[in-house]
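Engineer: no sequence on hand, only this structure:
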């Protein structure tokens with residue numbers, strides 16, 4: 001996947017947005033929980049936040065939910081969301097700690113019920129100095 005940045009300004013990847021509402025009390029509380037007991041390391045926090053969203057927040061389609069979440073705080077409150085709201089949640093958790101975070105979109109080929117479809121999928125992307133370390137976090141699965 002080739003990443004194309006829309007902006008070269010770091011501030012564009014750290015600002016709060018309506019969907020990435022990191023000053024919301026629920027988001028702030030989760031940030032404190034995730035940071036608890038961690039050494040002062042951005043990479044450890046990125047890993048813990050990523051694993052929380054991946055493992056503790058269900059994908060709405062996977063659980064066949066009818067709840068629709070959009071913002072980071074809604075996804076956190078409901079513990080579910082489609083890929084977009086899960087992306088918003090991870091971005092909020094990272095931006096709350098000043099970690100520049102953007103969004104990437106990719107098309108995914110799937111075969112379901114003998115019909116080929118292309119899906120757009122939202123992928124989280126954080127800007128970190130050592131990309132190899134972040135890539136290794138993404139590849140580790142439970």
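Structural biologist: On my side now, so go ahead. Predicted model, so just to flag it, every value in this text is computed and none were measured. Numbers count the residues shown, from 1 in each chain.
Engineer: quick one, phi psi at residue 103?
Structural biologist: phi -130, psi 140 (degrees, to the nearest 10).
Engineer: my read: it touches residue 85, true?
Structural biologist: No - the pair residue 103 and residue 85 does not pass the contact test of CB atoms under 8 Å, sitting 11.8 Å apart. Heads up, the C-betas are built off the backbone N, CA and C, glycines and all.
Engineer: those two - which one has more neighbours?
Structural biologist: Higher neighbour count among residue 103 and residue 85: residue 85, with 24 against 17, using other CB atoms under 10 Å.
Engineer: ok, the more buried one to residue 9 distance?
Structural biologist: Distance of residue 85 to residue 9, computed by CB to CB, to the nearest Å: 25 Å.
Engineer: OK, contacts around the nearest residue to residue 98 once chain neighbours are set aside?
Structural biologist: Leaving aside its sequence neighbours, residue 98 sits nearest to residue 14 (CB to CB, 6 or more residues apart in numbering; 6.1 Å). Neighbour list for residue 14: 95, 98, 99, 100, 101 [criterion: CB atoms under 8 Å, 6 or more residues apart in numbering].
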